[in-house]
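In: coordinates for the following, if possible.
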Amino acid sequence: MPLANADNSHTVLEAVFDALPDSVFLIDPASSSIVYCNREAWSGLGYSRAEDLLDHSVLSLQRDVIGPEQWLSIAAEIRARAPYVFIGCHRHRLGREIPVEVHTRCFQFNNREYFLSVARDITLRTQLERDLSARDAQLRFALNEASDGLWDWEISSDKVFFSPQLKRMLGYGPDELEPTLSSWTDNIHRDDAGMVGRVLDEHLAGERERYEAEYRLRNRNGHYLWVHDRGRICERDENGRPSRVVGMVQNITDRKNLELRLQQLASHDSLTGLLNRREAEIVLDTQLGLCERLGVPLGICLFDLDNFKHINDTHGHQCGDKVLAGVAQLFGKHIRRSDFLCRWGGEEFMLICVDSNLEQLRHRIETLRHLLAAHPWEGIDALEQVTASFGIASCPEHGRDARELFIAVDEALYRAKAAGRNRVEPAAIKPLTP
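Out: Numbers count the residues shown, from 1 in each chain. Below you'll find the predicted structure:
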C-alpha cells in the first residue's frame, strides 16, 4: 500500500526503525557524523535520548576506527562493497566496549550520499566462542555464524538435520519438516533457486571458501521470508570428497524490507510514485546500452503540463499535487510494461520507450495527449481541462547517448510550447558535419 505523503512516510519509517531489534545508524560519509539513530542504538549504548548520541561520530563510537584517514579508507571500501560487513566494538556511554557485527550500505537520497549501518550486539556470541571453542563441528560453526537455525547435511544419503529453532522459524512443528535436502530446496523462490544451487556447487567444488547466499524461502504458511544462509564443508570421505556440510540460517526479512523501502525512497518520487530524475538517468543509460546491443531503436519523450503555474495559483498547491499524481496514474495505465515513466522535476515528466522508432513513439504520445486533454478532473472544482506539451526524440536519429538525446528532446519540447502548447513536436535531425 503506498504511503499518502512524505510526512506519513517519515513517521512510518521512524516506527519501523525503532521496532528493529538491531541498532541502526545513518551516517554522513564526509564527516563520519551520526545524523540519525533508532531507539535500540541510543538505548543500547546507555543514552537516554537520541540527541545525546547524535553528538558523536564514528570516530568516537567505534573503537577500531582510529582517525579521519582510516575513516576515509573505510568509506571507500563501503562504497565499493555491498554490504560492507565487519566485526568490531562500540563504546558504551560508561566506557565499556560492546562487540558488534555491522552491515553497512551506501545510498543516495535527494542528491546526498549516506551510509546505513545495522549493528547487532554479539556479546553473547563472543562469550560463547571463548568458552566453548573446543566443541564439535556443529557447535563451532554455530558460534562462528551468529544466526537463528542450524542444518547439517549428510551428502551421501541426502539427509539433512534441521534444528528445532530452524523449524520454528519456518512455522513447522518438531516432526513436520522432512529431513531431506529437497524439503528445503523445493521451498526456495524460483527466481533465487538457480543462484543458490550455483553457489553451493561452487563451494563443494572448492571454488569458494564457504557457501553463502541471501534468498527468499517459503514458510509453512506459503509466505516468503528473506534468509541469510551460510555453510561450510566440515567432513570429507577417504577420497577427499565432501561428505558433510553444516550451516546456519538467519531470518533477515526485516532488514531486507527496510533496505527495499530505502531503495524505493532513493529512486522514486514520493508524490507520484514514479522513478525520480536520478533513477531515470540511470535507466536511460542502461536502456540505451541494451538497444545498441539488440540493434533496436529507443524513443524518449519529455513533456510539461501546460499552464501549471496557473493551476497552482488558481486552485492551490494541493490541487496541483493531485494533478501531478493524476497524470502519473492516467499515463501509467496506458503505457507498455516495458516503458519507463519518470518524474523529471516540477511539472516535467519523461517517458522512455524501448524498441520504438520516432513514428511509433509519436503515435503513442498523440494517444496520451488526447487522453489527458479529455480526462475529467473530478473533485477539483472549476478545473475543466489539463493539457501538456510533448517533445520526442529517438536513438539513433537524434543522438546515441543520453546527453545528445536530452538536448534534442528538450529543444523539441521548447518548440511545442512556443507553437501554442498541447501538441507533440519531434526533435530536429541535425545534419552530419563533414
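In: helices and strands around the strand or helix carrying Trp153, which ones?
Out: In the assignment (DSSP states H and E), Trp153 maps to strand 149-154. Helices and strands touching strand 149-154, by 3 or more Cβ pairs under 8 Å, 6 or more residues apart in numbering; DSSP states H and E, are helix 137-144, strand 159-162, helix 164-169, strand 242-251. C-betas here are computed from N, CA, C, even on glycine.
In: that one pairs with which strands, and in what direction?
Out: strand 159-162 (antiparallel), strand 242-251 (antiparallel) (DSSP bridges).
In: just the pLDDT for the residue nearest to the spatial centre of the chain.
Out: Among the residues of the chain, the one closest to the centroid is Gln263, at 3.5 Å (Cα atoms, centre = their mean). pLDDT recorded at Gln263 is 75.
In: does it touch Phe107 like I think?
Out: Yes: Gln263 lies in contact with Phe107 (Cβ atoms under 8 Å); the separation is 7.1 Å.
In: what about Ala30, is that helix, strand or coil?
Out: Secondary structure for Ala30, judged by DSSP: H, G, I helix; E, B strand; the rest coil, is coil.
In: can you check Asp55 too?
Out: Judged by three-state DSSP, the three-state class of Asp55 is coil.
In: so how far is Arg96 from it?
Out: 19 Å (Cβ to Cβ, to the nearest Å).
In: kindly report the same for Gln108.
Out: Gln108 is 36 Å from Arg96, where distance means Cβ to Cβ.
In: now swap in Gly420 and tell me
Out: Gly420 is 73 Å from Arg96, by Cβ to Cβ.
In: convert the C-alpha atoms of stretch 76-87 to CSV, please.
Out: C-alpha atoms of stretch 76-87 as CSV (Å, rounded to 0.1, in the frame of the first residue of the first chain):
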residue,chain,number,x,y,z
ALA,A,76,35.9,4.0,0.1
GLU,A,77,35.5,0.2,0.9
ILE,A,78,31.9,0.8,1.9
ARG,A,79,31.2,2.4,-1.5
ALA,A,80,32.9,-0.5,-3.3
ARG,A,81,31.2,-3.4,-1.4
ALA,A,82,27.6,-4.0,-0.7
PRO,A,83,27.1,-4.8,2.0
TYR,A,84,30.3,-3.9,3.9
VAL,A,85,30.5,-6.2,6.9
PHE,A,86,32.9,-6.1,9.8
ILE,A,87,33.1,-7.1,13.4
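In: average pLDDT across it?
Out: Computed over stretch 76-87, the average pLDDT equals 87.
In: okay, buried residues for it please.
Out: Neighbour-count burial for stretch 76-87, counted by 16 or more other Cβ atoms under 10 Å, picks out 78, 83-84.
In: stretch 295-314 now?
Out: 297-306, 308, 311-312.
In: same check, this time on stretch 174-188
Out: Result for stretch 174-188 [16+ other Cβ under 10 Å]: buried residues 177, 179, 181, 184, 187-188.
In: so Asp148 makes contact with Val249?
Out: Yes: counting by Cβ under 8 Å, Asp148 does reach Val249; the two are 6.3 Å apart.
In: now do the shared contacts for the two.
Out: Any residue near both Asp148 and Val249 by Cβ atoms under 8 Å, 6 or more residues apart in numbering counts here, and that gives 166, 169.
In: which one's more surrounded, the two?
Out: Shown here are Asp148 and Val249; by other Cβ atoms under 10 Å, Val249 has more neighbours (25 against 16).
In: any chance of a markdown table for the buried residues of stretch 295-314, columns pLDDT?
Out: As requested, these are exported to a markdown table (pLDDT from 0 to 100):
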| residue | pLDDT |
| --- | --- |
| Pro297 | 92 |
| Leu298 | 94 |
| Gly299 | 94 |
| Ile300 | 95 |
| Cys301 | 97 |
| Leu302 | 96 |
| Phe303 | 97 |
| Asp304 | 95 |
| Leu305 | 95 |
| Asp306 | 94 |
| Phe308 | 92 |
| Ile311 | 89 |
| Asn312 | 88 |
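In: which parts of the stretch 101-250 of the chain are strands?
Out: 112-121, 149-154, 159-162, 211-218, 224-236, 242-251 (DSSP state E, counting those that start in this stretch).
In: output those strands as CSV; include the columns mean pLDDT and distance to Gly316.
Out: Below are the strands of the stretch 101-250 of the chain laid out as CSV (pLDDT from 0 to 100; distance: least, Cβ to Cβ, whole Å):
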stretch, mean pLDDT, distance to Gly316
strand 112-121, 91, 30
strand 149-154, 91, 55
strand 159-162, 93, 60
strand 211-218, 95, 44
strand 224-236, 93, 43
strand 242-251, 92, 47
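In: which among those strands is found nearest to Leu275?
Out: Closest approach to Leu275 among those is made by strand 112-121 (18.2 Å; Cβ to Cβ).
In: fine by me, thanks again.
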